[in-house]
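>>> let's see this in three dimensions:
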Amino acid sequence: MNWSIEDATVITPDSTFSGGCIVIEDGKIGEVVRKKVKTDYSISIDNAVICPGLINSHDHLLGTYFPKVGNGPYPNWLPWDNDLKSADVYRERQQIENRDLYLLGGYRNLISGVTSVQDHIPHFVQDPFLDLLPVKVISDFSMAHSIASFALNWGEGVEVEYQKSVKNDIPFITHISEGFDDETVRDIETLDKKGGLGEYSVLIHGISFSESDMNKIKSKKANVVWCCDSNIFMFEKTTDIKMLLDKKINVSIGTDSPMSGGLNILEEMRFDRAYFKKKYGVDLPDRQIVQMVTKNPAKSFRMYNNGEISAGRLADLTVFEKKYEDPYSSVVGAGLKDIKLVIIEGMPVYGDAEYLPLFTRLKMDVQSVTVDGKEKVIIGDLKGVLSRINKAVGYNKKFPFLPVKI
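As a prediction, this is how the structure comes out:
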């Protein structure tokens with residue numbers, strides 16, 4: 001069956017147009033036109049903005065919990081991790097099965113409009129849970145935890161892991177320059193000497209990047225992920241994002257785990273916009289922010305069928321309430337209530353209750369839930385996840401990133 005969405009404003013994300021019709025068939029976008037097209041089933045969503053499905057470029061799904069833990073600023077990530085492991089809330093989190101922490105992280109991303117998320121952890125940890133989640137996890141990658149001598153033992157070493165990325169055309173992902181100790185500030189130099197800096201590199205954080213580091217990143221065509229909320233919380237500082245963008249380095253946005261970072265990708269975008277204005281006295285354009293959660297990460301992670309709305313691309317789409325005249329502002333300024341519909345590979349997975357007939361027509365099993373006071377339908381068993389967590393910790397646990405009434 002093919003179906004279509006009509007009457008909305010479409011973000012491609014390089015341009016926008018009104019009254020668009022998107023035809024979806026076999027999990028892909030068939031047509032994007034300015035007129036209605038006859039399909040097996042259609043829905044009209046006026047006063048809405050259709051955006052490429054949002055991509056969260058950095059998260060730790062197993063670390064999904066609340067509240068934040070830390071007493072920074074820290075010299076690097078390690079003392080924060082020590083504080084985390086000694087916290088009461090960490091011991092509480094440990095009572096919950098890994099499956100449910102992964103599901104919690106998946107639903108946290110889904111209700112904020114995310115269709116794909118990068119979960120930075122070894123494959124053997126995440127692999128058992130990938131097919132259970134309501135969102136897609138970017139699973140084709142090589143990795144290192146980080147570059148310094150005190151890095152966790154993830155992967156087979158920078159040299160081997162980067163060559164895997166070249167051979168298989170997949171990203172090589174690592175935390176880098178996450179702190180200010182003598183070793184960490186030399187991370188880019190160390191990574192380059194080990195043969196791990198190139199167009200396949202996706203560099204997370206970069207708080208202590210120097211201009212020389214950025215020039216090297218630019219010359220090697222590497223990519224950067226900015227997690228501003230987490231950086232400010234842990235280090236009271238983030239990378240010089242304006243310099244990165246002025247140098248036209250490919251930058252994407254990530255949330256990090258909610259135990260250090262933003263509640264969700266929507267909160268992160270607003271935090272980043274406010275930080276940029278306060279730090280530099282000028283606006284970070286909403287159009288550019290939207291590209292940092294769609295087109296840019298698709299490039300970083302070599303997701304050739306994602307990041308844009310055009311014929312032949314995967315039908316990963318997020319539909320927002322049109323709150324502002326500027327469609328990009330309707331994405332960046334959105335709250336959880338404003339997510340009208342989320343589609344992954346042509347199938348609706350979350351949305352306003354009024355679109356239940358679409359879910360039914362496409363034979364999607366859903367639950368009715370109230371999210372931030374608004375009636376929604378969602379795939380899977382979110383109520384069961386939250387009930388199991390409550391049972392595990394012994395009380396009714398509240399998550400600000402998942403304000404769900406069950």
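>>> only C-alpha atoms for contact and neighbour calcs from this point on.
OK.
>>> what ranges does the stretch 101-250 of the chain have for its strands?
114-119, 136-137, 142-143, 172-176, 201-205, 223-226, 250-253 (DSSP state E, counting those that start in this stretch).
>>> name the strands paired with the last one and say parallel or antiparallel.
Right, strand 250-253. strand 223-226 (parallel) (DSSP bridges).
>>> could you dump the strands of the stretch 101-250 of the chain into a markdown table with mean pLDDT and mean neighbour count added?
Shown next, in a markdown table, are these (pLDDT from 0 to 100; neighbours: other CA atoms under 10 Å):
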| stretch | mean pLDDT | mean neighbour count |
| --- | --- | --- |
| strand 114-119 | 98 | 25 |
| strand 136-137 | 98 | 22 |
| strand 142-143 | 98 | 27 |
| strand 172-176 | 98 | 27 |
| strand 201-205 | 98 | 26 |
| strand 223-226 | 99 | 27 |
| strand 250-253 | 98 | 26 |
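>>> between those strands, which one is nearest to residue 71?
strand 201-205 (18.9 Å; CA to CA).
>>> who does the closest one touch, helix- and strand-wise?
Counting contacts by 3 or more CA pairs under 8 Å, 6 or more residues apart in numbering; DSSP states H and E, strand 201-205 packs against strand 172-176, strand 223-226.
>>> okay if I get those as TSV plus distance to residue 130?
Listed next are the helices and strands packed on strand 201-205 as TSV, based on distance: least, CA to CA, whole Å:
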stretch	distance to residue 130
strand 172-176	18
strand 223-226	22
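>>> pretty sure residue 217 contacts residue 197?
Yes: shown here, residue 217 and residue 197 form a contact pair, counting by CA atoms under 8 Å, at 7.4 Å.
>>> bridging residues for residue 43?
residue 5.
>>> how near is it to residue 22?
Distance, residue 43 to residue 22, by CA to CA, to the nearest Å: 10 Å.
>>> which SS class is the spatially most central residue of the chain?
Nearest to the geometric centre of the chain sits residue 56, at 0.9 Å (CA atoms, centre = their mean). Following DSSP: H, G, I helix; E, B strand; the rest coil, residue 56 is assigned to strand.
>>> contacts only, for it.
Residue 56 makes contact with 109, 114, 116-118, 253-255, 265, 293 under the criterion CA atoms under 8 Å, 6 or more residues apart in numbering.
>>> tell me the one of the residues you listed nearest residue 271?
If you rank those by distance to residue 271 using CA to CA, residue 265 comes first, at 9.7 Å.
>>> neighbours of the nearest residue to residue 1 once chain neighbours are set aside, how many?
Nearest residue to residue 1 in three dimensions, chain neighbours excluded: residue 40, at 6.1 Å (CA to CA, 6 or more residues apart in numbering). Neighbours of residue 40 under the rule other CA atoms under 10 Å: 9.
>>> please apply the same query to residue 182.
9.
>>> backbone torsions only: list them for it.
Main-chain torsions, residue 182, degrees, to the nearest 10: phi -60, psi -30.
>>> for it, report the pLDDT, please.
Per-residue pLDDT puts residue 182 at 96.
>>> now it: how far from residue 325?
With distances taken as CA to CA, residue 182 is found 48 Å from residue 325.
>>> where along the stretch 301-406 of the chain do the helices fall?
327-332, 356-361, 382-393 (DSSP state H, counting those that start in this stretch).
>>> just the ones you listed: most buried one?
helix 327-332 (a mean of 23; mean count of other CA atoms under 10 Å).
>>> for that helix, name the packing helices and strands.
strand 3-11, strand 48-52, helix 265-280, helix 286-291, strand 317-321.
>>> just to revisit the earlier point, turn the helices of the stretch 301-406 of the chain into a markdown table, columns for mean pLDDT and distance to residue 8.
A markdown table is the format used below for the helices of the stretch 301-406 of the chain (pLDDT from 0 to 100; distance: least, CA to CA, whole Å):
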| stretch | mean pLDDT | distance to residue 8 |
| --- | --- | --- |
| helix 327-332 | 98 | 10 |
| helix 356-361 | 98 | 16 |
| helix 382-393 | 98 | 29 |
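>>> nearest to residue 342, out of those helices?
Nearest to residue 342, of the helices of the stretch 301-406 of the chain and by CA to CA, is helix 356-361 at 11.2 Å.
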